[in-house]
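Trainee: sequence plus the predicted model coming up.
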Amino acid sequence: MTKAIPTIQKFMTYSPHTIGADQTMVHAHRLMREHKIRHLPVLRGGHIVGVLSDGDLNLIETLKDVNPETVLVEDAMTEAPYTVAPETPLDEVVSAMAEHKYGSTVVLQNDKVVGIFTTVDACRAFAELLHSRLTH
């Protein structure tokens, strides 16, 4: 008996924190530290335009003559992030993330951000699936 592959919505983080493209890197750092997160979907006019990771921030800040108080999120973000619908099968998402080395997937429904799925979420999903398979 085979079980259906779960969808991404089972394991995603709902209602993730987001940031405006016109915010500063200092503001992004504050949000990430305050909420203990490493990825922020970037919005302009309510629509996804990119994703910002702590790695993006760290890379930009190592550049000479970069002032995090004036450099905007849109200058540090990764444009055109990997996005999926909540109904997308988990295996499809983790395969794409592994193949392209994505650190996160933004989950959209009706063109609105409803969730985020990160490598940490993938590890949790893997642990849960292993546990349920090996203990039942």
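Mentor: Nice, thanks for sending it over.
Trainee: contact partners of the helix or strand in which Val114 is found?
Mentor: Counting by DSSP states H and E, the element that carries Val114 is strand 112-118. Contacts of strand 112-118 with the rest of the structure, by C-beta atoms under 8 Å, 6 or more residues apart in numbering, involve 8-9, 11-16, 18, 38-39, 41, 43, 46, 48, 84, 86, 93, 103-108. Where C-beta positions appear, they are placed from N, C-alpha and C, glycine not excepted.
Trainee: tell me where this protein has helices.
Mentor: Defined through DSSP state H, the helices belonging to the chain, from first to last, are 25-35, 54-61, 90-100, 119-135.
Trainee: who's in contact with the shortest one?
Mentor: Right, the one you point to is helix 54-61. Applying C-beta under 8 Å, 6+ apart, the external contacts of helix 54-61 come out as 25, 28-29, 32, 38-39, 66, 68, 71, 75-78, 103.
Trainee: repeat for the third one
Mentor: The contact list for helix 90-100, computed with C-beta under 8 Å, 6+ apart, reads 5-8, 10-11, 82, 84, 102-105, 117, 119, 122, 125.
Trainee: same question, the last one
Mentor: For helix 119-135, contacts defined as C-beta under 8 Å, 6+ apart pick out 6, 10-13, 38, 90, 94, 97, 103-104.
Trainee: could you give the angle of it to helix 90-100?
Mentor: 130 degrees (axes from the mean of the first three to the mean of the last three C-alpha atoms, to 10 degrees).
Trainee: where does this structure have low pLDDT?
Mentor: In the prediction, the chain carries residues with pLDDT under 70 at positions 1-2, 134-136.
Trainee: tell me which residue is most central in it.
Mentor: Ser104 (3.6 Å; C-alpha atoms, centre = their mean).
Trainee: my guess is it contacts Pro81. True?
Mentor: Yes: here Ser104 lies in contact with Pro81, judged by C-beta atoms under 8 Å, at a distance of 7.4 Å.
Trainee: now do the shared contacts for those two.
Mentor: Looking at what touches both Ser104 and Pro81 (by C-beta under 8 Å, 6+ apart), the common residues are Val51.
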